[in-house]
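> what's the 3D shape of this:
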Amino acid sequence: QVQLVESGGGLVQAGGSLRLSCAASGRTFSRYAMGWFRQAPGKERESVAAISGRGLSTYYTDSVKGRFTISRDNTKNMVYLQMNSLKPEDTAVYYCAGGPTMTGAYDYWGQGTQVTVSS
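Residues are numbered from 1 along each chain as shown. Next comes the predicted model:
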């Protein structure tokens, strides 16, 4: 069982930066691929970024490439999402999730953290 807790969301002006953090419980953290997802009001949840268990592979959705960076520290059971050059369309609730593979179903989810980008 893995429990995930996100933090770092908030209100930022367009062009600004935020760093989201996700703290994971459990001693098998490095076995899990981790992902960041987001859901804006009235829209479906979408995958934003993902990272493999050892951090050797990453994935980004096209709209955030070059602006967002996912990373992890397996010694601290932490996953991060550095978000730069934020746009109003990045406004959403951001969720951290863990699963056996980057592209498969995710088994564990955090409660989400709100990111609001003002224009």
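> need the three-state assignment for the residue nearest in space to the middle of the chain.
In the chain, the residue lying closest to the centroid (C-alpha atoms, centre = their mean) is residue 36, at 2.6 Å. Assigned state for residue 36: strand (three-state reduction, DSSP: H, G, I helix; E, B strand; the rest coil).
> from memory it sits against residue 98, does it?
No - contact criterion C-beta atoms under 8 Å: residue 36 and residue 98 do not qualify, at 11.0 Å. Every C-beta, even on glycine, is put in place using the N, C-alpha and C of the backbone.
> please name the bridge partners of the residue nearest to the centre of the chain.
Per DSSP bridges, the residues bridged to residue 36 are residue 49, residue 96.
> now stretch 88-108, how far from the centre of its chain.
Chain-centre distance of stretch 88-108: 6 Å, with C-alpha atoms, centre = their mean, to the nearest Å.
> same check on stretch 19-38?
8 Å.
> mean confidence for it?
Stretch 19-38 comes out with an average pLDDT of 94.
> quick one, strands of this protein?
4-7, 10-13, 18-24, 33-39, 46-51, 58-60, 68-73, 78-83, 92-99, 108-109, 113-118 (DSSP state E).
> the first one packs against which elements?
Looking back up the chat, that one is strand 4-7. strand 18-24, strand 92-99 (3 or more C-beta pairs under 8 Å, 6 or more residues apart in numbering; DSSP states H and E).
> winner for burial among these?
Greatest average neighbour count among the helices and strands packed on strand 4-7 goes to strand 92-99 (a mean of 22), per mean count of other C-beta atoms under 10 Å.
> quick one: that one to strand 33-39, angle?
160 degrees (axes from the mean of the first three to the mean of the last three C-alpha atoms, to 10 degrees).
> what's the span of stretch 36-52, first residue to last?
Distance between the boundary residues of stretch 36-52 (C-alpha to C-alpha, to the nearest Å) amounts to 12 Å.
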